[in-house]
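1. the following block contains a protein sequence and its predicted model.
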Amino acid sequence: MKPVRALVVDGSDDPDGAARVHTAPSGAPTQTTGDSAPMRSSFSIHSLATDAFNYTVHSEPGIYKSLDGPTVRINIEAPFRRNGPGSRPFLVLIPAAARQVRIPLIASGGFATGSGLVAALALGASAVNMGTRFVASTEAPVHQNVKDQIVANDERATQLVFREFNNTARVARNTISEEIARRSAQPGATFADVADLASGARGRDRVLTHGDMHDGMWWAGQAQGLIDSVQSCQEIVDGIIDEADRIITGLGHTIPAAARTASQAV
């Protein structure tokens, strides 16, 4: 595959825009930065060449104006900041990005239904990316308790952690994530104060492998509130496509009728 430039812009809550390098599932290096200084970070890594990549943009559409080269896709993720000055909702972020680029956009964060897919497509995305929905699948290699907990949880059952360390993440709400948030909020707290609780090895062993839902930090999003069953991946995808098709077909009748009504009223 022809080498391409790789950049991931992570606008969660990083006030100094410090870049952080992550590794994508494919093994390709990716880069993240806070949305307060995306242009600075994009300049520093703009020549990075890889054979597979993923652009992730949380909340800074302006970054698109600096992108060029043979790119494949941009992945747009929902911002974690709530009511912050840098926060941009999907209703603005996706179409703003679509105006600036000519490559596929993938919307991420909170998608689990056909209605969400239709909304993303209407806003200008080419596809949606789902994480939590596929954890609650028969094929997911996690304990059944995890899948059942996702089904039982609603959209409020998440916890924002690491905000004080400029590395905000959304995880499932349990006694561990609540304790991480409590410790992090203490004056002078550092990551070392929560490292034992936030350990990925601990979460994988105690939660994902052995199913103790309150003895480790585990990842899940607000899409939990939209998931009401554990299904196979095929069933999940088929159900989402079928729902999306029904909605689009219905809109084909609803929108013209609404337009006629509006014109008559005028």
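-> Nice, thanks for sending it over.
2. which secondary structure state does Arg102 sit in?
-> coil (DSSP: H, G, I helix; E, B strand; the rest coil).
3. report how many residues lie close to it.
-> As a burial measure, Arg102 scores 6 neighbours (other C-beta atoms under 10 Å). Backbone N, C-alpha and C define where each C-beta goes, glycine included.
4. likewise the one 3 residues further on?
-> Here the neighbour count serves as a burial measure; for Leu105 (other C-beta under 10 Å) it reads 24.
5. that one contacts Asn129, doesn't it?
-> No: at 10.5 Å, Leu105 and Asn129 do not qualify as touching, with contact defined as C-beta atoms under 8 Å.
6. any weak-confidence spans in this structure?
-> Where the chain drops to pLDDT under 70, the residues are 1-88, 258-260, 262-266.
7. buried ones in the biggest helix by length in it, by neighbour count?
-> Counting residues, the longest helix found in the chain (DSSP state H) is helix 233-265. Neighbour counts over helix 233-265 (16 or more other C-beta atoms under 10 Å) mark Ile236, Ile240, Glu243, Ala244, Ile247 as buried.
8. quick one, helices of this protein?
-> For the chain, the helices defined by DSSP H occupy 38-45, 90-100, 114-123, 132-135, 144-152, 175-184, 195-198, 200-202, 233-265.
9. need the ones you listed in JSON lines with distance to Glu164, can you?
-> Converted to JSON lines, the helices of the chain look like this (distance: least, C-beta to C-beta, whole Å):
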{"stretch": "helix 38-45", "distance to Glu164": "21"}
{"stretch": "helix 90-100", "distance to Glu164": "25"}
{"stretch": "helix 114-123", "distance to Glu164": "31"}
{"stretch": "helix 132-135", "distance to Glu164": "24"}
{"stretch": "helix 144-152", "distance to Glu164": "26"}
{"stretch": "helix 175-184", "distance to Glu164": "5"}
{"stretch": "helix 195-198", "distance to Glu164": "13"}
{"stretch": "helix 200-202", "distance to Glu164": "19"}
{"stretch": "helix 233-265", "distance to Glu164": "36"}
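10. circling back: packing partners of the longest helix of the chain?
-> When contacts are defined as 3 or more C-beta pairs under 8 Å, 6 or more residues apart in numbering; DSSP states H and E, helix 233-265 sits against helix 114-123, helix 132-135.
11. contacts for the first one?
-> By C-beta atoms under 8 Å, 6 or more residues apart in numbering, the list of residues contacting helix 114-123 from outside reads 90-91, 94-95, 98, 107, 110-111, 127-128, 226, 239-248, 251.
12. next one: the last one
-> With C-beta under 8 Å, 6+ apart as the test, helix 132-135 has contacts from 111-112, 140, 142, 146-147, 150, 220-221, 223-224, 226-227, 233, 236.
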